[in-house]
Structures are given as structure tokens and as C-alpha cells.
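Asker: My questions concern the predicted model and sequence given below.
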Amino acid sequence: MEIPNLPLVFDGHNDTLLNLHIPNRGKGRSFFERSETGHIDLPRAREGNFGGGFFACFAPNRRQDGWSEESALSITESGYTVAGAPPVDPSYARGLANLLTTRLFRLEEESVGQLAIVGTAGELESCLASGVVATILHYEGAENLGPDFGALEELYDMGLRSLGLVWSRPNAYAHGVPFRFPASPDTGPGLTEAGRELVRECNRLGVLVDLSHLNELGFWDVAETTDAPLVATHSNAHALCPSTRNLTDRQLDAIRDSDGMVGVNFAVAFLREDGHEERDTPLETVACHVDYLVERLGVERVGFGSDFDGARVPKEIGDASGIPKLLGFLRERGYGDAELRKLAHGNWLRVLRQTWGG
Ligand SMILES: [Zn+2]
């Protein structure tokens, strides 16, 4: 479906690399062929005005950790609670992150000019102008750096431009939120001293520090330490969906005051007011988070962070090819062309330029 004059979407988060990498997730699909498995491949990106995004490298817990999201889940009277995931071995995380990074470089090579890994705002801008799918190498969880965060500089030189301090588990730097609903994101201690040092090192190099998955005390510690705009790449409004993964009004105000931004997550569990993993969730529910965040932060500080290939998304969006339906819906709701362009990619471009420098 083609809706004319819709801007390209640059997106704050996907788990496509892991989906392609793990046979029982991606079923061996190729990024270059249209598939019904997963959410993003090149043909569906083209159909859906998907101009690129943050491509996450994430190391899931292994069977030997004795933890899986399914087995850790318990249903409560008003929602659910997932017993906290244990930390993973940093050497394992680094090894898997290396494989996923290699995979992204291979995609760039095989795409013969259709996909590029960007390291500057200028490169991102020219990709968006010419229709080259722009990718940012993002590490979700600082354990991916390996046992010593001294590796950050070498990874930066290779192309790393964004780092989530944590996934939803603890590591040497910070504590991620366990998945709970309804519950506050204030779930444990803040950053460790190493965590504060890592934030300063990210500032020095010009690496974006992603706040999604971080608990509330950690959030405030980053806010106090960093000199960059505060960014949550894939989180929603806690006032509309009280999941630990979402941001409270106070957090949103701090993001606004730092001139940072939030990428709206399409995961139904972080959208719905009942927290249910229900694909039959209307576009209206996504739009309500967009409206709320725009109201609270300003239209300059909201974008998208789909969580494609990492989460269950509304049926009407379906996958990357469905993005125009959401943009069309927002347009009908009253968002003008200039506003849609900001939400779609303009705000990401602005925040990345500010964070990376140059
Ligand atoms: Zn995530």
C-alpha cells in the first residue's frame, strides 16, 4: 500500500540482527528477500517507507542461566511479573555481539549500496535523502563490551554509536527493570561507579547512552552524569500503560528539559492499558502514546522505536511494511506534514547530531 508524500521513518530500535542470526527465530530467512517471518527485510523496508534505524546487538540469556521469559512469568491479579533475569557472562555477550556486528557489516557489503552503517549525522542525512537504508550499530547492554569497558573506544572506531547500559537485567554498570505490570520502574539500585565512568566515556567519544530498560534510579544517575540529551530509544508513557519498561511523567519532564527524545515502542505489552500481549490492538492505542508524549515533551522530542523483530506488535502494523498505515492514521488525526517529518526522522537526526557532535 502506497500513501503518497509520507516521510521516511528512521526508527529507534529493532532486533533484526538477532532474528536473522538465531535459526528458531528467523527460520533462516534472508534480509534481501521478502519473508512472512519477522518484521524487517529490505523489500518490506522499501514497501513501508522504513528508512533505517538503530540495529541492536543483544545477547539473550542462555539455557544454562536457568532463566527464560516464559518460565519466569507469573500472572498476578491485575497483570504479571517476570522474575528477574540473571546477569550474563560478559565474555559470552561480547562474543555474540561480535557475531551480530559482523552480520551487520556483511549486510552492508551484500546490499551493494542499498544499506549503510552510519557514523555521523551527515551520513544519516544523506542516506535519508538518497533512499539508502541507514543503520546505526547499537549495543543493547554494556556487558556486550566484554569484561572491560576499555573496549568501547576500539568499538567506536569500528562504528559503534549507541549503547544501552542494560537490558532488563543487572550488569557491572547498572540494573535493568524486570518486566512487571502494573509496577513502577523504581525497581532497584542506581548506577555503579563503573556505570558513571562509562557514561562519561560515552560522552567523551560521542556515543549515545540509551535509557530504555534502565531502572528509575539508574535513569536519574545518568541524568546527573551525562552532558548529552536524555534518550529512551524504545519506551512509552507509564501514565497510559503502567509497565516497568515505560517512563513516568517525571522522567519525561527530565527528557524534555535535556532536549532529548523518546522513541514510541510498538510492543503491545508496553502500549495497552491492560498490559496484555494482544496483537489485536488498534492503531489508536499507538497514537494515544504519540499524543501523550507530544503533549508532554513537544513534537520536537518524539519519534518511533518500533522494537520490530523483538516484540509482538499490533496486527494492523504487522511489520515494517505497515508503517504507512500508522503515519496515515496520525495524519488523519491532525498531524501536519512538518510534524510528521519530525516524528518520522527529523527529531532523531537532530538528537543524533547533538549527541555525536559535528
Ligand atoms: Zn529492548
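Answerer: Structure's in. What do you need?

Asker: Go ahead and confirm residue 230 touches residue 253.
Answerer: No - contact status for residue 230 versus residue 253: not in contact, 10.4 Å apart, counting by C-beta atoms under 8 Å. The way it works is simple: take the backbone N, C-alpha and C, and place the C-beta from them, glycine included.

Asker: neighbour count winner among those two?
Answerer: residue 230 (25 against 13; other C-beta atoms under 10 Å).

Asker: and the residue nearest to that one when sequence neighbours are not counted, what does it touch?
Answerer: In space, and not counting its chain neighbours, residue 230 is closest to residue 260: 3.8 Å by C-beta to C-beta, 6 or more residues apart in numbering. Going by C-beta atoms under 8 Å, 6 or more residues apart in numbering, residue 260 touches 228-232, 301, 351.

Asker: Counting neighbours, which of these comes out on top?
Answerer: Counting by other C-beta under 10 Å, top hit in the contacts of residue 260: residue 231 with 29 neighbours.

Asker: helix/strand/coil for residue 56?
Answerer: strand (DSSP: H, G, I helix; E, B strand; the rest coil).

Asker: Now it: closest residue in space, sequence neighbours ignored.
Answerer: Once chain neighbours are set aside, the closest to residue 56 by C-beta to C-beta, 6+ apart is residue 140, at 4.4 Å.

Asker: Can you name the residues bridging to the one you found?
Answerer: residue 164 (DSSP bridges).

Asker: low pLDDT regions in the stretch 1-150 of the chain?
Answerer: 1-4 (pLDDT under 70).

Asker: mind listing the helices in this protein by residue range?
Answerer: For the chain, applying DSSP state H gives helices covering 16-21, 23-26, 42-47, 69-72, 90-110, 121-130, 151-158, 193-205, 216-225, 249-257, 283-297, 323-332, 337-341, 347-356.

Asker: Give the rounded mean pLDDT of stretch 277-291.
Answerer: The pLDDT scores in stretch 277-291 average 98.

Asker: now do the same end-to-end measure for it.
Answerer: This stretch, stretch 277-291, spans 22 Å end to end (C-alpha to C-alpha, to the nearest Å).

Asker: tell me how far that stretch is from the chain's mean position?
Answerer: 17 Å (C-alpha atoms, centre = their mean, to the nearest Å).

Asker: Could you do stretch 79-98 as well?
Answerer: With C-alpha atoms, centre = their mean, you get 17 Å for stretch 79-98.

Asker: Can you list the buried residues in stretch 269-288?
Answerer: By 16 or more other C-beta atoms under 10 Å, the buried positions in stretch 269-288 come out as 269-272, 275-276, 281, 283, 285-288.
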